[in-house]
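Trainee: got a predicted model here, sequence first, then my questions.
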Amino acid sequence: MSELTDPDASAPSGQDSTPGFRPTAVAAVPLAAIGAAIGVAVPGASSSVPVTGISLNSRSVRPGDLYVALPGATRHGADFVSQAVDAGAVAVLTDDAGARLLALANDIPVPVLLTHQPRSVVGRLSALIYQSRPDGAGAPALFGVTGTNGKTTTTYFINALLRALGKRTGLIGTIEILAGGEPIPSLLTTPESTDVHALLALMRERGLDAASMEVSSHAVSFHRVDAVVFDVAGFTNLTQDHLDLHGTMEEYFQTKARLFTPERARAAVVTIDDAWGRKLAATAEIPVTTLAAAGATGSGKADADWTADWTVARTAPRGLGSDFVLRHRDGAELRVHTGLPGGFNVANAALATVMVLAGGHEPAAVQAALDAADPFTVAVPGRMQLVSTAPAAVVDFAHNPDALERALEAVRSPEPGSKVIIVFGATGQRDQSKRPAMGAIAARLADTVIVSDDDPHDEDAAAIRADVLAGALAAKDDEGLDCTVLEVFPRDAAILKAVELAGAGDTILVAGRGHEVWQEVKGVNLALDDRVELRNALTARGFTVLEDHRIES
């Protein structure tokens with residue numbers, strides 16, 4: 001991130017350009033070429049200044065960088081130009097407001113370029129400076145996944161299947177970033193464009209064959225994937241979320257749809273289980289392969305007027321997961337298994353498979369990899385992550401109405417008398433309209449509802465809980481639901497309460513935060529990992545917990 005804090009940020013601002021993101025060798029680009037790329041004149045004396053990097057944050061500037069000074073929530077990046085220059089910045093790019101601030105400061109000893117909307121050109125400049133995907137350079141094949149739910153799991157599935165096919169792979173997403181070295185914790189669903197292009201160049205430098213990336217609607221809105229062209233873009237679904245940013249579902253859809261244009265992707269795989277998917281498949285400006293997985297998710301048939309290219313068929317439970325068949329409209333079939341519970345993970349596995357096929361891999365090779373490696377049993381941190389089996393204790397990232405409903409349906413045991421106990425809350429400073437809806441869903445699908453805190457951010461935690469409780473209690477009263485609704489906080493106490501109420505045959509679902517290890521309260525990050533708290537509470541009550549294997553990635 002820059003000194004700007006935007007609605008997608010869950011960590012303190014100013015943490016972009018992690019050192020591990022950048023390639024080791026970058027050919028210098030003359031400042032004149034940078035100016036020419038964005039239509040800005042560079043004075044002759046400065047035209048030959050060599051630029052070897054780009055940063056939005058003064059604290060991550062390296063010698064040779066172009067520092068891009070953007071407006072922030074409370075401060076302008078121009079306020080930090082002196083620090084950037086001290087760190088080695090050789091030039092500054094800013095807007096009119098930044099130029100006015102610089103005019104009031106002492107003389108700036110480096111060239112300053114001015115453009116009206118600097119954020120809109122950062123991606124283009126990052127691609128130029130890092131040469132992230134030059135034509136004919138054998139850049140890694142790039143798979144991008146967007147949608148409200150399922151992005152993280154689908155990218156992990158793609159990554160695992162490509163590895164099973166013998167490819168060296170990279171990953172850019174919510175949980176971590178992999179570029180052929182040690183995993184790098186991720187702060188944003190999709191990093192800033194400076195980091196995206198640096199990472200792609202690093203992957204090419206390290207000889208990776210392919211990479212999968214989560215692409216959030218914030219990433220498109222805030223220009224984080226500008227100048228990135230995906231070989232295959234995939235669409236999972238679209239349900240209510242992020243309306244605090246987008247305002248309406250139509251605007252949310254249109255933002256996602258911008259990924260499915262020739263400027264951003266060469267081909268697409270679109271799940272057509274909802275009306276938004278069908279609209280996208282009908283309007284996308286690039287070749288589209290369609291996938292129908294509605295039977296697997298329990299949402300019925302995709303649409304009588306649509307015949308998908310690939311359809312999920314013959315789904316059957318195996319252990320916690322499922323076996324299923326992917327059938328092409330020409331009759332060809334692939335046998336697939338996922339070890340992760342829930343019909344939505346069948347849909348995620350199906351999408352990953354079809355995207356890899358769309359990327360040019362032969363069906364016979366994909367089937368051999370599926371049979372030999374079982375790639376879709378990869379553990380995805382905080383995504384239907386099983387902590388114990390008696391009781392069944394699950395941590396999941398479900399943080400919007402659709403995801404919460406699917407998660408609760410997935411964990412319900414068929415055993416008579418088995419109860420579902422859920423711990424969840426809602427995030428502060430986000431779409432408030434989904435809070436009572438989530439409360440109502442929990443009341444309908446769980447036996448015990450424990451409302452607690454998620455990440456309040458700067459909002460009053462009690463007010464957030466009240467919104468969720470109102471929805472749960474209204475549904476309980478209006479629909480005559482036989483559930484118990486409790487308010488317990490802080491969150492570790494709520495998790496402990498859930499375990500105290502659970503028997504060996506019950507299920508505990510801790511939802512909303514998934515893999516996150518910090519809880520933000522009034523600008524302070526408090527250490528809190530749902531998996532650790534759940535594990536400790538279970539152990540204290542004498543239950544057996546599963547070994548905490550590191551994820552396969």
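Mentor: Yep, it's here.
Trainee: find the helix or strand that residue 160 is a member of.
Mentor: Element membership for residue 160, per DSSP states H and E: helix 151-164.
Trainee: in that helix, which residues are buried?
Mentor: 151-164 (16 or more other CB atoms under 10 Å). Every residue, glycine included, has its C-beta placed from N, CA and C.
Trainee: out of those, which one sits closest to residue 414?
Mentor: residue 153 (23.6 Å; CB to CB).
Trainee: still on that earlier bit, put the alpha carbons of the helix holding residue 160 into PDB.
Mentor: Coordinates of each C-alpha in helix 151-164 appear next as PDB, following Å, rounded to 0.1, in the frame of the first residue of the first chain:
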ATOM      1  CA  LYS A 151     -11.100 -17.100  -5.000                       C
ATOM      2  CA  THR A 152      -8.500 -18.300  -2.500                       C
ATOM      3  CA  THR A 153      -9.400 -22.000  -2.600                       C
ATOM      4  CA  THR A 154      -9.600 -22.000  -6.400                       C
ATOM      5  CA  THR A 155      -6.100 -20.400  -6.800                       C
ATOM      6  CA  TYR A 156      -4.700 -23.000  -4.400                       C
ATOM      7  CA  PHE A 157      -6.400 -25.700  -6.400                       C
ATOM      8  CA  ILE A 158      -4.900 -24.400  -9.600                       C
ATOM      9  CA  ASN A 159      -1.500 -24.100  -8.100                       C
ATOM     10  CA  ALA A 160      -1.700 -27.700  -6.800                       C
ATOM     11  CA  LEU A 161      -3.000 -29.100 -10.100                       C
ATOM     12  CA  LEU A 162      -0.300 -27.300 -12.100                       C
ATOM     13  CA  ARG A 163       2.400 -28.700  -9.700                       C
ATOM     14  CA  ALA A 164       0.900 -32.200 -10.200                       C
END
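Trainee: by contact count, what packs against that helix?
Mentor: Where contact means 3 or more CB pairs under 8 Å, 6 or more residues apart in numbering; DSSP states H and E, helix 151-164 is packed against strand 141-146, strand 169-172, strand 210-214, helix 343-358, helix 363-373.
Trainee: quick one: which of these is nearest residue 421?
Mentor: helix 343-358 (20.8 Å).
Trainee: pull the distance from the closest one to the chain's centre.
Mentor: Between the centre of helix 343-358 and the centre of its chain there are 16 Å (CA atoms, centre = their mean, to the nearest Å).
Trainee: and it, what's buried?
Mentor: 343-358.
Trainee: just give me the closest of the residues you listed to residue 443.
Mentor: Checking the buried residues of helix 343-358 against residue 443 with CB to CB, the nearest one is residue 344 at 21.0 Å.
Trainee: burial count for the nearest residue to the closest one once chain neighbours are set aside?
Mentor: Nearest residue to residue 344, sequence neighbours excluded (CB to CB, 6 or more residues apart in numbering): residue 406, at 4.8 Å. Using other CB atoms under 10 Å, residue 406 is surrounded by 27 other residues.
Trainee: check which element follows the strand or helix carrying residue 406 along the chain.
Mentor: In this structure, residue 406 sits in helix 401-411 according to DSSP H and E. Using DSSP H and E, the next helix or strand after helix 401-411 towards the C-terminus is strand 420-424.
Trainee: partner strands of that next one, parallel or antiparallel?
Mentor: strand 448-451 (parallel), strand 507-511 (parallel) (DSSP bridges).
Trainee: returning to what we had before: tell me the pLDDT of the residue nearest to residue 344.
Mentor: Confidence at residue 406, expressed as pLDDT, is 87.
Trainee: mind listing what it touches?
Mentor: 149, 297, 342, 343, 344, 398 (CB atoms under 8 Å, 6 or more residues apart in numbering).
Trainee: now tabulate the residues you listed in CSV and tack on pLDDT and distance to residue 58.
Mentor: Putting the contacts of residue 406 into CSV (pLDDT from 0 to 100; distance: CB to CB, whole Å) gives the following:
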residue, pLDDT, distance to residue 58
149, 88, 36
297, 56, 46
342, 88, 44
343, 90, 47
344, 90, 42
398, 90, 37
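Trainee: quick one: pLDDT of residue 105?
Mentor: With respect to pLDDT, residue 105 scores 77.
Trainee: wait, it touches residue 82, no?
Mentor: Yes - counting by CB atoms under 8 Å, residue 82 is a contact partner of residue 105 at 7.4 Å.
Trainee: what's the neighbour count on residue 140?
Mentor: Counted by other CB under 10 Å, the residues lying close to residue 140 total 24.
Trainee: isn't it up against residue 213?
Mentor: No - using CB under 8 Å, residue 140 is not in contact with residue 213, being 10.5 Å away.
Trainee: low-confidence stretches in the stretch 151-300 of the chain?
Mentor: The stretch 151-300 of the chain contains residues with pLDDT under 70 at 181, 188-189, 240-247, 295-300.
Trainee: need the buried residues of helix 151-164 in JSON lines with distance to residue 516, can you?
Mentor: Shown next, in JSON lines, are the buried residues of helix 151-164 (distance: CB to CB, whole Å):
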{"residue": "151", "distance to residue 516": "16"}
{"residue": "152", "distance to residue 516": "12"}
{"residue": "153", "distance to residue 516": "16"}
{"residue": "154", "distance to residue 516": "19"}
{"residue": "155", "distance to residue 516": "17"}
{"residue": "156", "distance to residue 516": "17"}
{"residue": "157", "distance to residue 516": "21"}
{"residue": "158", "distance to residue 516": "23"}
{"residue": "159", "distance to residue 516": "21"}
{"residue": "160", "distance to residue 516": "22"}
{"residue": "161", "distance to residue 516": "26"}
{"residue": "162", "distance to residue 516": "27"}
{"residue": "163", "distance to residue 516": "26"}
{"residue": "164", "distance to residue 516": "29"}
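Trainee: ok, residue 42 touching residue 112?
Mentor: No - if you go by CB under 8 Å, residue 42 and residue 112 don't touch, sitting 10.4 Å apart.
Trainee: what's the local residue count around the closest residue to residue 493 other than its chain neighbours?
Mentor: Nearest residue to residue 493, sequence neighbours excluded (CB to CB, 6+ apart): residue 452, at 7.8 Å. Residues within reach of residue 452, counting by other CB under 10 Å, total 25.
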